[in-house]
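Novice: everything below, folded, please.
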Amino acid sequence: MEDKTFAQSMEELNQRALKEITDAALSCWATLQSGATVTSTTAHIENEYMREAVAHVLYYVLLQSLLFDAKKRQMISGKRYEELRAYTETLANQVKQQPFMVLPLGTP
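Specialist: Predicted coordinates for the structure are as follows:
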């Protein structure tokens, strides 16, 4: 049996954190769709790092949805939509480069 390298262990932890963040964000989405705020929707998450990570995901999805809706209703031009979408993507990519800080994770 081979021991895992530190890098492999960290990658596994990051993948586990990503799954937990995604699962929590998906479970919060329906509540958010019904008109709740991101803060109230994520208030039940005890781990502050997990709560912040889920909130960031929800804010990102909300912003992308609002931008798309504004373009669809012709409230903003296609050029403005692309400009704002590119900006939010840049922010999201900067966040993706950071390691997840949700430890300690919940029990498996």
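Novice: helices of the protein, residue ranges please.
Specialist: 6-33, 38-42, 48-72, 78-96 (DSSP state H).
Novice: does anything pack onto the last one? Which helices or strands?
Specialist: I take that to be helix 78-96. Packing partners of helix 78-96 (3 or more Cβ pairs under 8 Å, 6 or more residues apart in numbering; DSSP states H and E): helix 48-72. (Each C-beta comes from the backbone N, C-alpha and C, glycine too.)
Novice: and the helix it packs on with helix 6-33, angle?
Specialist: Compare the direction of helix 48-72 with that of helix 6-33 by axes from the mean of the first three to the mean of the last three Cα atoms, to 10 degrees and you get 60 degrees.
Novice: hmm, who's touching helix 48-72?
Specialist: For helix 48-72, contacts defined as Cβ atoms under 8 Å, 6 or more residues apart in numbering pick out 17, 20-22, 24-25, 28-29, 32, 38-39, 41-43, 45, 76-78, 81, 84-85, 88, 92, 95, 100-103.
Novice: buried ones in that helix, by neighbour count?
Specialist: Buried positions in helix 48-72, judged by neighbour count with 16 or more other Cβ atoms under 10 Å: 49-51, 53-58, 60, 63, 67, 71.
Novice: of the contacts of helix 48-72, keep whichever come out buried.
Specialist: Neighbour counting with 16+ other Cβ under 10 Å marks 17, 20-21, 24-25, 28, 32, 38, 41-42, 45, 76, 81, 84, 100, 102 as buried within the contacts of helix 48-72.
Novice: any idea which residue is closest to the centre of the chain?
Specialist: residue 57 (2.0 Å; Cα atoms, centre = their mean).
Novice: quick check: it vs residue 96, distance?
Specialist: Note on residue 57: its distance to residue 96, by Cβ to Cβ, to the nearest Å, is 11 Å.
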